[in-house]
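S.K.: Could you look at this predicted model? Sequence included:
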Amino acid sequence: MPSRRQRRVSEQIHRELSLLLMLDARDPRLADVTITSVDITPDLLLARVYFTVMAEGDERVAEAQAGLERATGFLRTQLAARLQLRLMPHLAFELDKSAAYGRRIDELLGELAKEGDHPIPNEQERD
């Protein structure tokens with residue numbers, strides 16, 4: 001369970017990174033990148049930054065990952081200037097797979113609904 005300080009620093013990094021990507025990043029590979037969450041270690045030295053890419057495709061995700069890795073130095077420098085931290089955490093970017101997982105669940109439920117042979121019973125029908 002993260003401490004109050006970890007949560008606060010995570011939220012600050014999340015907010016500032018989102019603004020930096022939206023307003024200051026010039027790399028076109030970062031245009032569709034959205035920061036979904038930030039997890040920080042208890043010692044505040046490593047921040048795992050989870051992101052999604054609005055465009056579909058593995059190639060687009062790989063480009064976004066490469067763009068984020070390339071911009072890590074710039075992002076850390078900008079964060080250090082904006083946040084009042086003694087040490088700026090290292091940034092590790094990881095793809096957030098929860099959105100893709102949710103889309104897959106929706107697709108499967110849609111396929112079940114199309115079949116129509118076995119409708120899902122509601123509460124009253126089960127009793």
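M.R.: That came through fine.
S.K.: alpha carbons only for contacts and neighbour counts from here, please
M.R.: Will do.
S.K.: what are the ranges of the strands in this protein?
M.R.: Under the criterion DSSP state E, the chain contains strands at 33-40, 46-53, 90-95.
S.K.: Save these as JSON lines, and put in mean pLDDT and mean neighbour count too.
M.R.: Listed next are these as JSON lines, based on pLDDT from 0 to 100; neighbours: other C-alpha atoms under 10 Å:
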{"stretch": "strand 33-40", "mean pLDDT": "94", "mean neighbour count": "20"}
{"stretch": "strand 46-53", "mean pLDDT": "94", "mean neighbour count": "20"}
{"stretch": "strand 90-95", "mean pLDDT": "95", "mean neighbour count": "17"}
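S.K.: Now do D58 against H14, distance only.
M.R.: Going from D58 to H14 by C-alpha to C-alpha, to the nearest Å gives 24 Å.
S.K.: picking that back up, how about JSON lines for the strands of the chain, with distance to R70 added?
M.R.: Formatted as JSON lines, those follow (distance: least, C-alpha to C-alpha, whole Å):
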{"stretch": "strand 33-40", "distance to R70": "14"}
{"stretch": "strand 46-53", "distance to R70": "14"}
{"stretch": "strand 90-95", "distance to R70": "11"}
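S.K.: quick one: which of D58 and H14 has more around it?
M.R.: More crowded of D58 and H14, by other C-alpha atoms under 10 Å: H14, with 20 against 10.
S.K.: OK, contacts around that one?
M.R.: Taking C-alpha atoms under 8 Å, 6 or more residues apart in numbering, we find H14 in contact with 35-38, 49.
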